[in-house]
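sharing a model that was predicted from the sequence below.
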Amino acid sequence: MNALLSLVAVSILVALAWVGGSVASLRSVFGIVVPAAAVAIFVVGLAARVTRWALTPVPFRIPTTCGQQRTLPWIKASWIESPWTRAGVVVRMALEVLLFRSLFRNTQAAMTAEPIPAAGQDAHGAAPAARGLRRLVYGEEKWLWLAALAFHWSFLVVLLRHLRFVVEPPPAWVDAIAAVDGFFQVGVPVLYMTDVLLLAALGYLLLRRLVDARIRYLSLLQDYFALYLLIGLVGSGVLMRYFVRPDVVAIKELALGLVTFAPVVPATVSPFFFVHLTLVSVLLAYFPFSKLVHMAGVFLSPTRNLANTNRMRRHVNPWNYPVKVHTYEEWEDEFRDKIKAAGLPLEKA
Amino acid sequence: MRDRYVILAALVLFFVLVTAPVWYARAAGEKAGGPDVKLPTQEKACVMPVDYMRTSHMDLLISWRERVVRENIRTWTAPDGTVYTVSLSGTCLKCHTNKAEFCDRCHDYAGVTPYCWDCHVDPAAIARSRP
């Protein structure tokens, strides 16, 4: 149901964009106003979100660690998995951001297909009571990590390659990236590896949610929406590059018009391109308000970006105010006479 | 933790990166507009309608290549009935004599570098290099 509803939502967006690209009076709305507004929402929305996080107190260090913390010198500590130095945190964050290290540790719970043999000791030395039952095992699950890595890195490369449309003249390093990306020189225009990787990874990420009943149960409308949006975006781009030729020169004129604040919508820009442009605009505008904001959030997760020094160092609450205390000595002085009269023992005679 | 300055600096950096094309355009004095390609002066029309050529000339070139290399057919009849010799350097560049100010100028603008010229020649450039 969720999967269908979000598919409908994205289809409506596609149809709207197509209409916007076909009706002459709407072309400047979908070609100029929508993308400009989307970029503004993206930047302001993300800044607001990050500012809100920055202002949220993190009174205690709550890193989730997965290694031995530093204690006695003869116990081997793991400086990345349970970092106690800034360098350790930086390396840990870099591994997380660049290589999705925590996703690499993803496991999947499953029941064994075969019941544990009823007679005799099984290989794992199961207790007799467990014999004849199926067993819950946790297996490694690297596909999600691999697909996520393929998706994110390819997306970055594609994004950088797009600079050729918004910068004039295109920088040489963008050309170099495109040359490496099209290394195999399959077909003309040459096939980019990242395009294939992107589609494959997105396909896997969608199928993963659709095929496995447990993940389907956990999947929300917005999980599918983000995936369909990306698939639509990548799909329309791939179609334009390899199958339905757009007027690339006219598209670059449109893009340059946007970055130089002299917007134009050349007549030869096809409605198909408007679908691509509108989907990317929706993605940008949707970004700060959705789970996609993990792009910024990953840097600000207190479970990752803090050193595990809870016990090593004394952490004084920075917004402690001086607390008025009344010590026992002061109390004794105050009631000395009464205590003496009652014959009770005194600390200070 | 007092990391707010770091976060603020990162936000500023992010903003600069996202808007980099705008600043670059400002600094370089970029103007919106297309490439300034030199169209042939003698000829009136291309081998196919110009709308098709502008978007899909690479498809045509590849079908030409396949004609020659795979089928050994060296002529091609345009929709309007004209018969052309199938050749990148010999036909396209016969009319579009100035590759540098036609093909290259447009490709530089669009940021494409066809690898065809690794093997195929630009007759005009060769003529120029031979005194």
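It's in.

which residues touch A:Thr51?
B:Leu11 (C-beta atoms under 8 Å, 6 or more residues apart in numbering or on different chains). Bear in mind the C-beta positions are built from the backbone N, C-alpha and C, glycine included.

now do the residue of chain A found nearest chain B, the pLDDT please.
Across chain A, no residue is closer to chain B than A:Arg164, which sits at 2.8 Å (C-beta to the nearest C-beta). Residue-level confidence at A:Arg164 comes out at 94, pLDDT.

do you know how far the nearest residue to it once chain neighbours are set aside is from A:Glu168?
Nearest residue to A:Arg164 in three dimensions, chain neighbours excluded: B:Gly111, at 2.8 Å (C-beta to C-beta, 6 or more residues apart in numbering or on different chains). Here B:Gly111 is placed at a distance of 9 Å from A:Glu168 (C-beta to C-beta, to the nearest Å).

also A:Leu254?
13 Å.

A:Met193 too?
Between A:Met193 and A:Glu168 the distance is 26 Å, computed by C-beta to C-beta.

which of the two has more residues huddled nearby?
The residue with the greater number of neighbours, taking A:Met193 and A:Glu168 and applying other C-beta atoms under 10 Å in any protein chain shown, is A:Glu168; the counts read 25 against 16.

is the more buried one in contact with B:Gly34, as I believe?
No. When contacts are counted by C-beta atoms under 8 Å, A:Glu168 is not listed as touching B:Gly34 (10.1 Å).

overlap of the contact sets of those two?
Between them, A:Glu168 and B:Gly34 share the contacting residues A:252, B:109, judged by C-beta under 8 Å, 6+ apart.

sorry, back to before: helices or strands next to whichever strand or helix holds the residue of chain A closest to chain B in the packing?
Taking DSSP states H and E as the definition, one finds A:Arg164 inside helix A:163-166. Counting by 3 or more C-beta pairs under 8 Å, 6 or more residues apart in numbering or on different chains; DSSP states H and E, the packing neighbours recorded for helix A:163-166 are helix A:172-181, helix A:248-259.

at 7 Å what do you get?
Secondary-structure packing of helix A:163-166 (3 or more C-beta pairs under 7 Å, 6 or more residues apart in numbering or on different chains; DSSP states H and E): helix A:248-259.

let's see the helix it packs on as PDB, backbone CA atoms only.
This file holds the C-alpha atoms of helix A:248-259, laid out as PDB (Å, rounded to 0.1, in the frame of the first residue of the first chain):
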ATOM      1  CA  VAL A 248      21.900  19.700 -24.600                       C
ATOM      2  CA  VAL A 249      23.000  23.100 -25.700                       C
ATOM      3  CA  ALA A 250      19.600  24.600 -24.900                       C
ATOM      4  CA  ILE A 251      19.600  22.900 -21.500                       C
ATOM      5  CA  LYS A 252      22.900  24.400 -20.700                       C
ATOM      6  CA  GLU A 253      21.600  27.800 -21.700                       C
ATOM      7  CA  LEU A 254      18.800  27.300 -19.300                       C
ATOM      8  CA  ALA A 255      21.200  26.200 -16.500                       C
ATOM      9  CA  LEU A 256      23.600  29.100 -17.100                       C
ATOM     10  CA  GLY A 257      20.600  31.500 -17.100                       C
ATOM     11  CA  LEU A 258      19.800  30.300 -13.600                       C
ATOM     12  CA  VAL A 259      23.300  30.700 -12.200                       C
END
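
center of chain A, which residue is that?
Within chain A, the residue whose C-alpha comes closest to the C-alpha centroid is A:His294; the distance, by C-alpha atoms, centre = their mean, is 3.6 Å.

helix, strand or coil: sort out that one for me.
Here A:His294 is helix, with the state taken from DSSP: H, G, I helix; E, B strand; the rest coil.

pLDDT value on it, please?
The predicted structure lists A:His294 with a pLDDT of 95.

contacts only, for it.
In this structure, A:His294 makes contact with no residue, judged by C-beta atoms under 7 Å, 6 or more residues apart in numbering or on different chains.

count of neighbours near the residue in chain B positioned nearest to chain A?
Sorted by distance to chain A under C-beta to the nearest C-beta, the residues of chain B start with B:Gly111, at 2.8 Å. Other residues lying near B:Gly111 total 21 when counted by other C-beta under 10 Å.
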